[in-house]
Each structure stands twice: as structure tokens, then as C-alpha cells.
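Trainee: sequence unavailable; structure follows:
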């Protein structure tokens, strides 16, 4: 009897690969449409927007210090309130 978990994992991996392939094809068709002067519809634009990943944001040292200072004050205030 086959292992159900491994069968499901295999199916999931195949579906993810198909989704990736379809996303690439959709992007190519949208590029072709935009080169023809036709805009991408709202629905397709939203779908593309959902699949794109955001760039990670980094904090500067000054921002980290400011956050640290605020959090220390926050926790000190909470600790003081619990002590009462």
C-alpha cells in the first residue's frame, strides 16, 4: 500500500511546478499585450501583484537604536504596572 503522505507531497510539488509554469506564461502574454499597446486587465494585474515577492527592508543602526529605546521604555512601563 503506497504511503499517503508521500503521494500527497508528490502531487503538491507537481501542482506548484505547474503554477510556476503558468505564472511565467501569463507574464509572457501580458508582456506581449503591453507591447501591443493594450494594458493588462485589473484582474490579471491583481493576480500578478499577489505572486510577486516584496523586497526585504532593512533598518539602519540608528533606526535599530530608536526601536530598542522605545521597546525598553515600553517593557519598563509594563513591568512597573505589574509590580503595583
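Mentor: That came in fine, so what should we check first? On a predicted model such as this, the values are computed, not experimentally measured, just so you know.

Trainee: what about residue 57, which SS state?
Mentor: coil (DSSP: H, G, I helix; E, B strand; the rest coil).

Trainee: quick one, phi/psi of it?
Mentor: When read as degrees, to the nearest 10, the backbone of residue 57 gives phi -100, psi 140.

Trainee: give me the pLDDT for it.
Mentor: The model reports residue 57 with a pLDDT of 81.

Trainee: next one: it from residue 63, what distance?
Mentor: 10 Å (C-beta to C-beta, to the nearest Å). Any C-beta I mention is one placed from the backbone N, CA and C, and that applies to glycine too.

Trainee: neighbour count: these two, which is higher?
Mentor: Relative neighbour count places residue 63 above the other of residue 57 and residue 63, with 10 against 5, counting by other C-beta atoms under 10 Å.

Trainee: and the more buried one, what does it touch?
Mentor: For residue 63, the contact set (C-beta atoms under 8 Å, 6 or more residues apart in numbering) is empty.
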